[in-house]
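Visitor: Take a look and give me a structure for this.
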Amino acid sequence: MNGPANDALVNVDGVEKVFRRGSEDIHVLKDLHLKVPAGEFLALMGPSGSGKSTLLNLIGGLDRPTNGTVSIAGERVDELSDRKLAGWRARHIGFVFQLYNLLPVLTAERNVELPLLLTHLNRAERKRHVATALAIVGLSQRAKHYPRQLSGGEQQRVGIARAVVTDPTLLLCDEPTGDLDRKAGDEILDLLQALNREHGKTIIMVTHDPHASARASRTVYLNKGQLSAEPVT
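Guide: Numbering: from 1, shown residues only. Below is the predicted model of the structure:
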């Protein structure tokens, strides 16, 4: 399924993904097409096992398609070597995970700083970037706190600050509210909307929750390896 723009930031063209399980081939994605224009907030919905996270991993360069192409900002991600992929992800992709993936032995500011250690920024520059990212998510006053001292919603805010600290091209969010109560989840969705509308971030969000997908500017549905504009009943 194609989006509204031909010059899309994200262009997934004819992608198939097959996993081998013993002697059996598991076809997770089948001739899948997706275009995401720059500045869009896209929700990706579908039943468990439909391939949503697989698609997100292909777009983020964490996996490669069996067939087809994945291009981000005109660059063929599926053709990059493993060495080049690591640098490409550091520059272009911010990941937000359901379970936050924070290191418990590091403070909030040190967790946010981690992606910057892959850049050429000096310590003072990294500190400025971290302060900006924490301010964006409203946690400047919690910079010195450890994850165990933060609520679930605050931990996810730290995760989002870590995702945006490098000013990436694309934010990929895998069930970002899935481990939160409704109030904390709404606050995270407010933040994602602000990043999209006020900071121009392109966001792809995997979710099971129609309440969360309603915040996106467009929703597509993945079922049996293919996309549609309407949920499959």
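
Visitor: ok, for Lys52, nearest residue in space, not its chain neighbours?
Guide: Using C-beta to C-beta, 6 or more residues apart in numbering and skipping the chain neighbours, the partner closest in space to Lys52 is Val206 (4.5 Å). No exception for glycine: its C-beta is placed from N, CA and C like everyone else's.

Visitor: who does the one you found bridge with?
Guide: Beta-bridge pairing for Val206 (DSSP bridges): Leu44, Asp174.

Visitor: Check the offset of the longest helix along the chain from the chain's centre.
Guide: Ranked by residue count under DSSP state H, the longest helix found in the chain is helix 182-197. Helix 182-197 has its C-alpha centroid displaced from the chain centroid by 14 Å (C-alpha atoms, centre = their mean, to the nearest Å).

Visitor: so where is this protein shaky, pLDDT-wise?
Guide: Along the chain, segments meeting pLDDT under 70 span 1-6, 232-233.

Visitor: hmm, back to that, identify the residues contacting the residue nearest to Lys52.
Guide: 43-45, 52-53, 56, 173-175 (C-beta atoms under 8 Å, 6 or more residues apart in numbering).

Visitor: Show me the two of those residues that sit farthest apart.
Guide: Ala43 and Ser53 (14.0 Å; C-beta to C-beta).

Visitor: the more surrounded of these two?
Guide: Per other C-beta atoms under 10 Å, whichever of Ala43 and Ser53 has more neighbours is Ala43, with 22 against 19.

Visitor: Is that one in contact with Ala216, as I believe?
Guide: Yes: the criterion here is C-beta atoms under 8 Å, and Ala43 meets it with Ala216 at 3.6 Å.
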